[in-house]
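Undergrad: Build me a model:
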Amino acid sequence: MTDFGAIDALLAGAAKEVPLPPAGERRTLREELNLSRAQLAQALGVSPSTVGGWEAGRDPSGETRVKYAYFLDGAKAKLATEAAEQSPAGEAAEEAGPPAGPDEDTEQLAVAQPCVLCGQPARHQIEGFPQHLDPAECAAASAASAASAVHAASATPPPPPEPAAAEPGADRTAGSRRAPGGMKVVAAGRRVRPAAAPDPLAAGISSAVAAALSEHGGDAADATAALVKRAIPDAMALLDQSRTGGRYEVVAHPWLPDVLRKQSARGADQVWEARPKWTRPELPAGEHEVTALDVNGAYLSALKTHLPLGQLEHSEGGQHDRRRAGIHLITPPDWDHDAVLPNPIGSRDEPGPLWVTEPTLRLLLRISGPKYGLCDPPVIHESWTSGATEGLLEKFRITLKDARDTAIAADDEVTLEYVKAMYSKFVSTMGESNYNRELYRTDWMHLIRSQAFANLWWKAHRAYDEGLMVVRAMGTDELHVIGDWRAVFPEGRGVTEVKVKDVYGVGGAETMTPEEVGHA
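TA: Numbers count the residues shown, from 1 in each chain. Down below sits the predicted model:
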C-alpha cells in the first residue's frame, strides 16, 4: 500500500489566498474612514510606501495579506453600518463635508509646544513641526498674544525710537517690517519652520547613531556594524519621511517590461548601464606622474537624475521627450576620440542596437549637439518611458548629503559609514533584491547607476577640456590624470570635491604601450 499521509497533509494545509477588492477600492475604503497610509501601515507592521503599492495594484501575501483583507472587510462593514444608521442630521452634516482628519504627517504631542506660525502652545505637529491644525486656533492665539503685547505696551510705554536712515533698496512698506524679537523662518516643504529648529530628518539619523553607540557601550566598530546592517530599512523609512507632502505620487511596484527582467536566475537583464572601464591607449614619451583621483559620494550625487514616476509606457520612433524618462533602444554613434576620452557608452565589443538608460541617452544627445559636436546623434528605435522629474529624491539626497558633511566636519566615522551604507544599499537593492521588498524599481536602479557613470564621464571631459591628460576612467569614482589637477578640481571630502587615491610614476625613454599603461 502506498503511504498517502504526505499527500493528505499537503491537502490539509492547502488553502486559497484570501480575496482582495480591486486596487482602486482599497484606497477608497481607507480614505472614507479618514485614515492615512501611515496609520494603516503602522497597524499592519509595514511602511506607508508598501500600503501605497497595494493601492496601486500590488498584492500582499501570507499573513500580511490576511491582515490587510481583514482591515478591508472591516472597513466595508463599518462604512455600511454608518450609512444604515445615518440620521437626517447626520446626512446634513455629511453634505456640509466630512470632519477634517489628520494628514499622513500629523501627530499628536504629549506636551504642548510653541506653534511655528504663532508661537503659542499647540497640541499637534505637522511634518515634525508643532502647529495648530485649525487656522482659527492659530489666529486666535496670535490675537491673544497681540492683545497681551498691546496691554503691556500701554502699561509701560517705551521711549520713541530714534530715526534711522533706510538702507538702499530696503522695502519701506509697513507690512515688510519685522517686529523686534520676531522669529525667522525657512521653507520646510509646503510649510515653514523656525530657522533655528533642527531638521527632523537629520535628527532621525543622529538619534539612530546615538542609540547604536549606547546599545554597544560606545564601541564604534560594533555600533557601525549594527547601523550598516539596518541601513536598508532605515533608508526606506527616511525616503517615506522625505516624501511626506510630496508633489508626486510614486508607483513603488509597477509592471516592468521584459527588457528589465533577468534572463535567468543568476543572469542580468538587457539594460546597458554604460559603465566606463577605459585606459588611454598611448602616452607621450618620457616620465609622467599620474594622480588617481577619487570622486566623493558618486551614487549620492547621482540620486539627482530624471526618474520616471509611474509605470513605463512603450513608444516607437526617433523622438526624445525631455519631460519623460526611462530606457531606450538605440544604435549608438561611432566614437572617434578613444585616444583621449572614454566612450560615453562604456566598453562594449558588440556592435548594433542596445538598451540604454535616460542619463546615457541625454549624455549622447548633448555631446552630439552643436556645442560639443563630438559624435553623431544616436538613433532611437523604441522606448519605455513615463513622466519624470529630477527632484523626486532631492529631499532624501540633501538630508543624506548634509548628514555626511556634518559627520566629516566632526570626524564622526560611525555616522559617515552609516550614511554611505544607506544611499549605496538603497541604490543596489531597489531592483530584483530579496533585501528590499518595499521598492521595486529596477529602472530607477539602472538610471541612478548610469547617472553616476555619466557624471564621471563629464569629469573626464572637464579634465581634458582644461588641458589635463586623462589616463584612466573606471567605475563611478576613479579618474587618473596627468597635470595640475588642483587647478581644475577642488580637493576635499565633499560631494563636489575629489581626493587623491594614489600617485604613481609611469614611463621612461620610450612611448608607453597600451599594456604598460594598463598595468601601471
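Undergrad: now the helices for the stretch 201-350 of the chain?
TA: Assigned by DSSP state H, counting those that start in this stretch, the helices in the stretch 201-350 of the chain fall at 220-229, 231-242, 298-302.
Undergrad: In terms of mean pLDDT, which of those ranks lowest?
TA: Of all those, mean pLDDT reaches its minimum on helix 231-242 (a mean of 91).
Undergrad: So which elements touch it?
TA: Judged by 3 or more CB pairs under 8 Å, 6 or more residues apart in numbering; DSSP states H and E, the packing partners of helix 231-242 are helix 48-55, helix 200-215, helix 394-409, helix 413-428. Where you see a C-beta, it was placed from the backbone N, CA and C, and this is true even at glycine.
Undergrad: How about that helix, which residues are buried there?
TA: For helix 231-242, a neighbour-count test (16 or more other CB atoms under 10 Å) marks A231, I232, D234, A235, M236, A237, L238, L239, D240, Q241, S242 as buried.
Undergrad: still on that earlier bit, redo the helices of the stretch 201-350 of the chain as JSON lines? Include distance to S36.
TA: Shown next, in JSON lines, are these (distance: least, CB to CB, whole Å):
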{"stretch": "helix 220-229", "distance to S36": "29"}
{"stretch": "helix 231-242", "distance to S36": "12"}
{"stretch": "helix 298-302", "distance to S36": "30"}
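Undergrad: Minimum distance to A268: which of those has it?
TA: Minimum separation from A268 across these (CB to CB) falls at helix 298-302, 18.9 Å.
Undergrad: which residues sit against that closest one?
TA: For helix 298-302, contacts defined as CB atoms under 8 Å, 6 or more residues apart in numbering pick out 397, 400-401, 404, 423-424, 427, 448-449, 451-452, 455-456, 476-477, 495.
Undergrad: which stretches of the stretch 251-400 of the chain form strands?
TA: Taking DSSP state E, counting those that start in this stretch as the test, the strands found in the stretch 251-400 of the chain are 271-272, 277-279, 286-295, 307-308, 313-316, 324-331, 354-357, 379-389.
Undergrad: Looking at those strands, which is nearest to K501?
TA: Ranking those by proximity to K501 (CB to CB) places strand 286-295 first, at 4.2 Å.
Undergrad: Can you list the strands that that closest one pairs with?
TA: Here strand 286-295 has these sheet partners by DSSP bridges: strand 478-482 (antiparallel), strand 498-508 (antiparallel).
Undergrad: in that strand, what's buried?
TA: Result for strand 286-295 [16+ other CB under 10 Å]: buried residues H288, V290, T291, A292, L293, V295.
Undergrad: residues contacting the first one?
TA: Spelled out, it's H288. M469, I482, G505, V506, G507.
Undergrad: now V481, nearest residue through space, not along the chain?
TA: Leaving aside its chain neighbours, V481 sits nearest to L468 (4.6 Å; criterion: CB to CB, 6 or more residues apart in numbering).
Undergrad: and that neighbour, what does it touch?
TA: Residues in contact with L468 (CB under 8 Å, 6+ apart) are V481, I482, G483, D484, W485, V488.
Undergrad: and the gap between it and V290?
TA: According to CB to CB, to the nearest Å, L468 stands 11 Å off from V290.
Undergrad: list the residues that contact both of these two?
TA: Shared contacts of L468 and V290 (CB under 8 Å, 6+ apart): V481, I482.
Undergrad: I figured V471 was touching V290, is that so?
TA: Yes: judged on CB atoms under 8 Å, V471 makes contact with V290 at a distance of 5.5 Å.
Undergrad: quick one: common contacting residues for these two?
TA: Common contact partners of V471 and V290 (CB under 8 Å, 6+ apart): H480, V481, I482, V506.
Undergrad: Give the burial count for the last one, as a bare number.
TA: A total of 18 residues lie near V506 under the criterion other CB atoms under 10 Å.
Undergrad: any idea how far it is from E491?
TA: Distance, V506 to E491, using CB to CB: 22 Å.
Undergrad: thought Q270 was touching P353?
TA: No: at 10.7 Å, Q270 does not count as touching P353 under the criterion of CB under 8 Å.
Undergrad: Highest mean neighbour count out of the strands paired with strand 286-295?
TA: Of all the strands paired with strand 286-295, strand 478-482 carries the top mean neighbour count, a mean of 23, counting by mean count of other CB atoms under 10 Å.
Undergrad: where are the low-confidence patches of the stretch 51-200 of the chain?
TA: Applying pLDDT under 70 to the stretch 51-200 of the chain flags the ranges 85-106, 110-111, 114-119, 125-182, 185-199.
Undergrad: okay, now the closest residue in space to R493 that isn't next to it in sequence: neighbour count?
TA: Counting by CB to CB, 6+ apart, R493 lies nearest to I408, which is 5.0 Å off, once chain neighbours are set aside. As a burial measure, I408 scores 17 neighbours (other CB under 10 Å).
Undergrad: Tell me the spacing between K78 and G45.
TA: Counting by CB to CB, the gap from K78 to G45 is 21 Å.
Undergrad: Please identify which of these two sits among more neighbours.
TA: Neighbour count, other CB under 10 Å: between K78 and G45, K78 has more, with 13 against 10.
Undergrad: So which elements touch whichever strand or helix holds that one?
TA: Secondary structure assignment for K78, by DSSP states H and E: helix 62-85. Contact analysis of helix 62-85 by 3+ CB pairs under 8 Å, 6+ apart lists helix 23-32, helix 37-44 as its packing neighbours.
Undergrad: Show me which residues of it are buried.
TA: For helix 62-85, a neighbour-count test (16+ other CB under 10 Å) marks R65, K67, Y68, A69, F71, L72, A75 as buried.
Undergrad: Enumerate every residue touching the last one.
TA: In this case it means A75. For A75, the contacting residues are L29, R30, E32, L33, by CB under 8 Å, 6+ apart.
Undergrad: If we use 7 Å, what do you get?
TA: Shown in contact with A75 (CB atoms under 7 Å, 6 or more residues apart in numbering): L29, R30, L33.
Undergrad: Quick one, grab the pLDDT at L365.
TA: If you check L365, the pLDDT there is 96.
Undergrad: Neighbours of it, how many?
TA: Number of residues near L365 (other CB under 10 Å) recorded here: 14.
Undergrad: Equivalent analysis for A388, please.
TA: Counted with other CB under 10 Å, residues neighbouring A388 total 21.
Undergrad: hang on, the earlier thing: buried subset of the contacts of helix 298-302?
TA: Buried members of the contacts of helix 298-302, scored by 16+ other CB under 10 Å, are 397, 400-401, 404, 423-424, 427, 448-449, 451-452, 455-456, 476-477, 495.
Undergrad: can you count the residues close to the closest residue to T50 other than its chain neighbours?
TA: Using CB to CB, 6+ apart and skipping residues adjacent in sequence, the residue nearest T50 is E438, 5.2 Å away. When counting by other CB under 10 Å, one arrives at 22 neighbours for E438.
Undergrad: how close does E438 sit to L20?
TA: From E438 across to L20, the span is 19 Å (CB to CB).
Undergrad: Now for A43, how many residues are close by?
TA: By other CB under 10 Å, the residues close to A43 number 13.
Undergrad: Can you pull the domain assignment for the protein?
TA: Domain segmentation of the chain under automatic domain parsing yields 15-81, 258-519.
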